[in-house]
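Chemist: the sequence isn't on hand, but the structure is:
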């Protein structure tokens, strides 16, 4: 490692972690399921549970993964590619009205930038969604971006996190991953990242992660102290 190489870095998920877009995405899924589910007037409660289960299963999935889930669970007649295209259209329309930072996210990015800690964006969203979001929020602080278009295997596979770490010139073990979903946290852990799950403490999460309720609970020093050897001079290696 060169003398000017960073000692550690942050690799962050986007939807639901940095941006308040996961809620919009899941609402798109919910509306799709409601529209396409067969009506069962005699058992509305059962239908409601079914919709909720499908929406919960879609959390953290990429566009094709969600389309595959819906195609299977709803027994849709059209090809998965058509379902994905429909979800894409619905999502972009929804995102045109509602893209904002999660509480504390913008502050943390500014603090990392001021401390010269490199940050990469690691998302299962397609690149054209990221480009759309960049019209509403400033994503210029990311030194690398790995999207659904860039990795051969997506979360929960470790590939996106391994690719992002490599783009920053660091091994994954010297990176902090910020996530909000079980799918994403599983990917980050498999890559060897120190993983912080942000959100409701009651949600399912894999073992071995650190958990905080909000991005407001994070700061540069706290993150640095979580990374093995982060305080050791990079010239030591």
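Modeler: In hand now; what should we look at? Small disclaimer: the values here were computed from a predicted structure and weren't measured.

Chemist: CA only for contacts and neighbour counts going forward, please
Modeler: OK.

Chemist: nearest residue to residue 33 in space, please, no chain neighbours.
Modeler: residue 51 (6.4 Å; Cα to Cα, 6 or more residues apart in numbering).

Chemist: the one you found: what's it in contact with?
Modeler: 30, 33, 34 (Cα atoms under 8 Å, 6 or more residues apart in numbering).

Chemist: and the last one, that one's in a helix?
Modeler: Yes - residue assignment for residue 34, taken from DSSP: H, G, I helix; E, B strand; the rest coil, places it within a helix.

Chemist: break this protein into its domains for me.
Modeler: As recorded under automatic domain parsing, the domains making up the chain are 9-20+100-236, 22-95.

Chemist: which of those has the lowest mean pLDDT?
Modeler: Mean pLDDT per stretch puts domain 22-95 lowest among the domains of the chain, at a mean of 86.

Chemist: what is the end-to-end distance of it?
Modeler: 10 Å (Cα to Cα, to the nearest Å).

Chemist: wait, doesn't residue 181 sit right on residue 200?
Modeler: No - under the criterion of Cα atoms under 8 Å, residue 181 makes no contact with residue 200, lying 10.3 Å away.

Chemist: neighbour count winner among the two?
Modeler: Shown here are residue 181 and residue 200; by other Cα atoms under 10 Å, residue 181 has more neighbours (25 against 12).

Chemist: state the phi and psi torsions of the more buried one.
Modeler: phi -130, psi 160 (degrees, to the nearest 10).

Chemist: now it: closest residue in space that isn't a chain neighbour?
Modeler: residue 60 (5.7 Å).

Chemist: in the protein, which spans are helices?
Modeler: 22-36, 44-58, 63-73, 80-95, 105-114, 127-133, 159-167, 182-191, 220-226 (DSSP state H).

Chemist: would you list these in TSV and tack on distance to residue 208?
Modeler: Shown next, in TSV, are those (distance: least, Cα to Cα, whole Å):
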stretch	distance to residue 208
helix 22-36	24
helix 44-58	22
helix 63-73	25
helix 80-95	33
helix 105-114	23
helix 127-133	29
helix 159-167	17
helix 182-191	8
helix 220-226	12
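
Chemist: of the ones you listed, which is nearest residue 149?
Modeler: helix 127-133 (6.3 Å; Cα to Cα).

Chemist: now do that closest one: which elements does it pack against?
Modeler: helix 80-95 (3 or more Cα pairs under 8 Å, 6 or more residues apart in numbering; DSSP states H and E).

Chemist: what angle separates the helix it packs on from helix 63-73?
Modeler: 120 degrees (axes from the mean of the first three to the mean of the last three Cα atoms, to 10 degrees).

Chemist: now do the buried residues in helix 80-95.
Modeler: 80, 83, 84, 87, 88, 90, 91, 94, 95 (16 or more other Cα atoms under 10 Å).

Chemist: need the residues you listed in JSON lines with distance to residue 189, can you?
Modeler: Shown next, in JSON lines, are the buried residues of helix 80-95 (distance: Cα to Cα, whole Å):
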{"residue": "80", "distance to residue 189": "29"}
{"residue": "83", "distance to residue 189": "30"}
{"residue": "84", "distance to residue 189": "28"}
{"residue": "87", "distance to residue 189": "29"}
{"residue": "88", "distance to residue 189": "29"}
{"residue": "90", "distance to residue 189": "32"}
{"residue": "91", "distance to residue 189": "29"}
{"residue": "94", "distance to residue 189": "31"}
{"residue": "95", "distance to residue 189": "29"}
